[in-house]
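S.K.: Pasting the sequence and the predicted coordinates here, then a few questions.
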Protein chains: 4
Amino acid sequence: MEQKTLLIECPDSKGLIAQITNICYKHQLNIIRNTEYVDPLSGQFYMRTQLEGIFNDHTLLLDLDRALPDGSVRQLVGKANKKVVILVTKEAHCIGDILIKVYDGSLQLDIAAIIGNHPDLGELATKFGIPFHFVSHQDLNRHQHEALLVEAISPYQPDYLVLAKFMRILTPEFVARYPNKIINIHHSFLPAFIGANPYHQAFKRGVKIIGATAHFVTDDLDEGPIIKQMVTNVDHNYSADDMAKSGRDVEKNVLSKALELVIHDRVFVHGNKTVIL
Amino acid sequence: MEQKTLLIECPDSKGLIAQITNICYKHQLNIIRNTEYVDPLSGQFYMRTQLEGIFNDHTLLLDLDRALPDGSVRQLVGKANKKVVILVTKEAHCIGDILIKVYDGSLQLDIAAIIGNHPDLGELATKFGIPFHFVSHQDLNRHQHEALLVEAISPYQPDYLVLAKFMRILTPEFVARYPNKIINIHHSFLPAFIGANPYHQAFKRGVKIIGATAHFVTDDLDEGPIIKQMVTNVDHNYSADDMAKSGRDVEKNVLSKALELVIHDRVFVHGNKTVIL
Amino acid sequence: MEQKTLLIECPDSKGLIAQITNICYKHQLNIIRNTEYVDPLSGQFYMRTQLEGIFNDHTLLLDLDRALPDGSVRQLVGKANKKVVILVTKEAHCIGDILIKVYDGSLQLDIAAIIGNHPDLGELATKFGIPFHFVSHQDLNRHQHEALLVEAISPYQPDYLVLAKFMRILTPEFVARYPNKIINIHHSFLPAFIGANPYHQAFKRGVKIIGATAHFVTDDLDEGPIIKQMVTNVDHNYSADDMAKSGRDVEKNVLSKALELVIHDRVFVHGNKTVIL
Amino acid sequence: MEQKTLLIECPDSKGLIAQITNICYKHQLNIIRNTEYVDPLSGQFYMRTQLEGIFNDHTLLLDLDRALPDGSVRQLVGKANKKVVILVTKEAHCIGDILIKVYDGSLQLDIAAIIGNHPDLGELATKFGIPFHFVSHQDLNRHQHEALLVEAISPYQPDYLVLAKFMRILTPEFVARYPNKIINIHHSFLPAFIGANPYHQAFKRGVKIIGATAHFVTDDLDEGPIIKQMVTNVDHNYSADDMAKSGRDVEKNVLSKALELVIHDRVFVHGNKTVIL
């Protein structure tokens, strides 16, 4: 008996769940877990169904296509690990946490390669046997640098790009190549402290809580769909550096939780928001 | 157009969701929100479906009864407020929070009466126009006192009893009268510090976090199905009294969140656990 | 034996703590609890010392004045309750929570009066025997309305003004009358969602956490020194109204925690930040 | 200019802070940060003072010894890294997190060696260049095994032993060798779920929050002074394994926060509690 996950996104209509679950029943597939969401404003319907049985993917999808309204997106996903390429700069905490989790099997991810615009994290990547590419941005304009990044990424054909504290702003052209496929960790509780040096901004403002945000990258900097946020308390004893240090634990925890959700196909993008089923 | 909630609990079987949603579709009912859970160990199936349309309750339930396996429990619940009787002793924070929330409309509850084994909270009840019964336990054994409680409660025919810091242990006979209908707030993060004086126990143990637990009352003291838990940080500066004071905010917040869940028919009891849909 | 709290704020210098504690010792006063903070950037020193003994306030303060550097602020505070006037609009949750807490003795506050720019909360104030003034802003410009507010407030000579969801923007002239004496609850996790309708903004942005902020009011709207912040998780199932509802619990909890800190003279204002000792 | 931390523990007496800070002043040492605590029940006084200046350790301690009451413990600690030996079994998440943090400099720790009663984590230790000793317990009684552990540990003369998911119960004899020097991470929110399989216990009980506890090890299993606790939410969808997986993140975060506190000499042991200054 196999397990697969059915992902559906379409305009809502009466009887939709009945139709979909009927088709699953007809295919002798057992529903292990099922979650749905209808956005009340747009009427968009989202469904994630974990199925167990013997799959005839082609017929199942054909049956669904016949039943589902126009403009539907449906996908049947198996249990294979997602393949990612991870972009980094100098900080080790996020990539380090991912490496340990993949190493001990708690994150089912296939790290195809790590790319750094600085060489610093090459040693760490090598410890874990992951190919590391140093793609410097020195003396290059943004487009030239990104062309080299694309060249380094392309052979791996990753499902997702993960920006694990990659401290470069990406052009719309680069982002357009990987729509809803770039996951970033921003070191603030968005939308507070958009832009540079969020911990320094937080320190100056005298906040009592700091946070971090994992989100998909879109054209608008720091404005993409939020996947996960977490926070931690600070007080007047914290310097900007102390906040940054304390924030690093939040960053790595948020990023790995977000990856966990993405890996299990639980994240749907709905406009500039996410629906997590 | 009316809105009602369908609650189903039965042994799982293949095609169950398809059958149930087919019946809803046949009745021209639109599914607003739908949540299910199958307990993997027992195979018990739970489903909560918010429906919109024109209801023919009788036919709908009949259709469901024909489709559902033996041992099924199903219920169609309208939007009427739940009626509760609240039992208290001397502390005002939990009952006070409920009174304010009902007063400002954020908790859709019909407080039929407040019963105290001390007279202290009568004044507060009266401020909000709620009947207050002082049922003293003085010079009575447990059964005699509970007989008086039952006498005071019975005319109101409440859906639920809420123990809002009612500092008396109830007999199995009393509990058996209201199966899964008594909601208690326990002033500890259960199962830590079962029994008397949990804050004093927490202080002695030197914990760094305290909590509170809302649960259904069963025969086993402090062992009933947990609905909601929340915690707060403490440190060495907290005396047992400081912990109790800090804990009061947690208690009232947990109890009102638990009532919120119960009011919206989101809580299913599954053995000594709850399933929250 | 009496207990008083000594509050000191001055430029840091070597030997400061020794000098201050020497004076306390000379006065035969026992230090129950002592906290200090030196801001590393400005070199400003803050100290809060709980003392026990027989106080000769005049001599003690004179001795301190001799020892402390120029520009020092020092205060010896007894245990009398702070007197507040609370400004409200229509929402009951914050004022309700404060009323219950004062009623049951868990917040040592003397509520001199409640002033509403709408009449709605008069009934609730009256239940608890607190004078209520309805000061409408109808057909008045901001200055005219504030003149009436000042007229209503002045006879009470409050230590603090508490804005418990008072939905009016105050002029710099009004704020200047009560420097660092106006405590506001803002219904967002500042500095996210400054300005109007923060829950609606949060909903549109698709955040996964919402919060509330208690702060002192300064000329710059929503930019005053933050006293306390708290957050709660939300997800895609929350409408803007659901966020507002969920946020109300956070708001009331944050405001009462902030009042707790202010009441115990634990909050020092340092520029646009707070130091909490 | 050097920085050192003065740690004092003694019976409280009037003028104590004045005397100590006078001595610091006399030595021309500037107080960067100062925290004290007096336990109100026992009258025990704790003080941690960060000093800056030119230190004459011998004279300073002598001056303090003259001033402090009998039974005082005082220590002047420099900035050198603490040396630890870490004991592990098979799970990589706690030791992995520590290794990454030491690697990137966010945890100032000198890991002298890692000792495993299984060989599994040897590879990970080696990646980071840390000596690994496999000390099997196979066919040995507890005392025989511990004799081998002591033999492996002794040459390193560690300041602390860290049990990073070391799944063996230690004898009182072993514990007595390292009084208040063994730091353990327990995978439950103590005192809930003392003993074996806490996640399984938590699952059976149906709790809505799980946690982890870092504590010093004493003779009484799971009863030692608690340093840090953290929690995370769970619900009915979590199997015991899901709880364990979710708990692993909490465990590693708690353990590294506890180490952070210990490293900075902020943890005092007071009976079976900790005072964190």
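M.R.: In hand now; what should we look at? Numbering: from 1, shown residues only, chains lettered A, B, ... in the order given.

S.K.: And for the residue in the stretch 151-277 of chain A positioned nearest to chain B, the neighbour number?
M.R.: Distances between the stretch 151-277 of chain A and chain B by C-beta to the nearest C-beta are smallest at residue A:233, namely 8.2 Å. From N, CA and C alone the C-beta is placed, and that goes for glycine too. Residues near residue A:233, counting by other C-beta atoms under 10 Å in any protein chain shown, number 14.

S.K.: Tell me the confidence at it?
M.R.: On pLDDT, residue A:233 comes in at 97.

S.K.: mind listing what the closest residue to it other than its chain neighbours touches?
M.R.: Of all residues not flanking residue A:233 in the chain, residue A:209 sits nearest, at 5.7 Å (C-beta to C-beta, 6 or more residues apart in numbering or on different chains). Residue A:209 is in contact with A:189, A:231-234, C:189, C:211, C:229-231, counting by C-beta atoms under 8 Å, 6 or more residues apart in numbering or on different chains.

S.K.: do the same with residue A:116
M.R.: Residue A:116 sits next to A:87-90, A:122, A:132-135 when contact means C-beta under 8 Å, 6+ apart.

S.K.: What distance do you get for it to residue D:106?
M.R.: According to C-beta to C-beta, to the nearest Å, residue A:116 stands 19 Å off from residue D:106.

S.K.: swap in residue A:82?
M.R.: Taking C-beta to C-beta, one finds residue A:82 at 28 Å from residue D:106.

S.K.: now do residue A:8
M.R.: In terms of C-beta to C-beta, residue A:8 sits 43 Å off from residue D:106.

S.K.: Quick check, pLDDT for the residue nearest to residue A:233.
M.R.: Here, the pLDDT recorded for residue A:209 equals 97.

S.K.: on that earlier part again, can I get the buried part of the contacts of residue A:209 as one PyMOL selection?
M.R.: For the buried members of the contacts of residue A:209, the matching PyMOL selection, counting by 16 or more other C-beta atoms under 10 Å in any protein chain shown, is:
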select buried, (chain A and resi 189+231+232+234) or (chain C and resi 189+211+229+230+231)
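
S.K.: pLDDT below threshold where in chain A?
M.R.: Along chain A, no part satisfies pLDDT under 70.

S.K.: middle-most residue in it, spatially?
M.R.: Computing the C-alpha centroid of chain A and ranking residues by C-alpha atoms, centre = their mean puts residue A:183 first, at 4.1 Å.

S.K.: Any idea what the nearest residue to that residue once chain neighbours are set aside is bridged to?
M.R.: Nearest non-adjacent residue to residue A:183, counting by C-beta to C-beta, 6+ apart: residue A:162, 5.1 Å away. Beta bridges link residue A:162 to residue A:86, residue A:183 when assigned by DSSP bridges.

S.K.: which stretches of chain A form helices?
M.R.: A:16-26, A:57-67, A:93-103, A:122-127, A:142-153, A:172-177, A:198-205, A:240-263 (DSSP state H).

S.K.: In JSON lines, list those helices along with mean neighbour count and distance to residue D:262.
M.R.: Below are those laid out as JSON lines (neighbours: other C-beta atoms under 10 Å in any protein chain shown; distance: least, C-beta to C-beta, whole Å):
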{"stretch": "helix A:16-26", "mean neighbour count": "21", "distance to residue D:262": "54"}
{"stretch": "helix A:57-67", "mean neighbour count": "14", "distance to residue D:262": "55"}
{"stretch": "helix A:93-103", "mean neighbour count": "24", "distance to residue D:262": "20"}
{"stretch": "helix A:122-127", "mean neighbour count": "17", "distance to residue D:262": "26"}
{"stretch": "helix A:142-153", "mean neighbour count": "16", "distance to residue D:262": "42"}
{"stretch": "helix A:172-177", "mean neighbour count": "15", "distance to residue D:262": "44"}
{"stretch": "helix A:198-205", "mean neighbour count": "20", "distance to residue D:262": "25"}
{"stretch": "helix A:240-263", "mean neighbour count": "21", "distance to residue D:262": "16"}
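
S.K.: Which one of the ones you listed lies nearest to residue D:96?
M.R.: With C-beta to C-beta as the criterion, residue D:96 lies closest to helix A:93-103 of the helices of chain A, at 3.5 Å.

S.K.: nearest spatial neighbour of the residue in the stretch 1-150 of chain A positioned nearest to chain C, skipping sequence neighbours?
M.R.: Nearest residue of the stretch 1-150 of chain A to chain C (C-beta to the nearest C-beta) works out as residue A:37 at 6.3 Å. In this structure, residue A:37 finds its nearest non-sequential neighbour in residue A:46, 4.7 Å apart by C-beta to C-beta, 6+ apart.

S.K.: do the same with residue A:107
M.R.: Residue A:107 sits nearest to residue A:101 (C-beta to C-beta, 6+ apart), 3.7 Å away.

S.K.: Show me which residues of the stretch 151-277 of chain A sit near chain D.
M.R.: Applying C-beta under 8 Å from any C-beta of the partner chain, one finds that the stretch 151-277 of chain A approaches chain D through A:237, A:245, A:248-249, A:253, A:256.

S.K.: Go through the residues you listed and say which is closest to chain C.
M.R.: residue A:237 (7.1 Å).

S.K.: What's the separation between the closest residue to the closest one other than its chain neighbours and chain B?
M.R.: Spatially, and ignoring its direct neighbours in sequence, residue A:237 is nearest to residue C:37 (7.1 Å; C-beta to C-beta, 6+ apart). Per C-beta to the nearest C-beta, to the nearest Å, residue C:37 is found 16 Å from chain B.

S.K.: so who does residue C:37 touch?
M.R.: For residue C:37, the contacting residues are A:236-237, C:45-47, C:275, C:277, D:33, by C-beta under 8 Å, 6+ apart.
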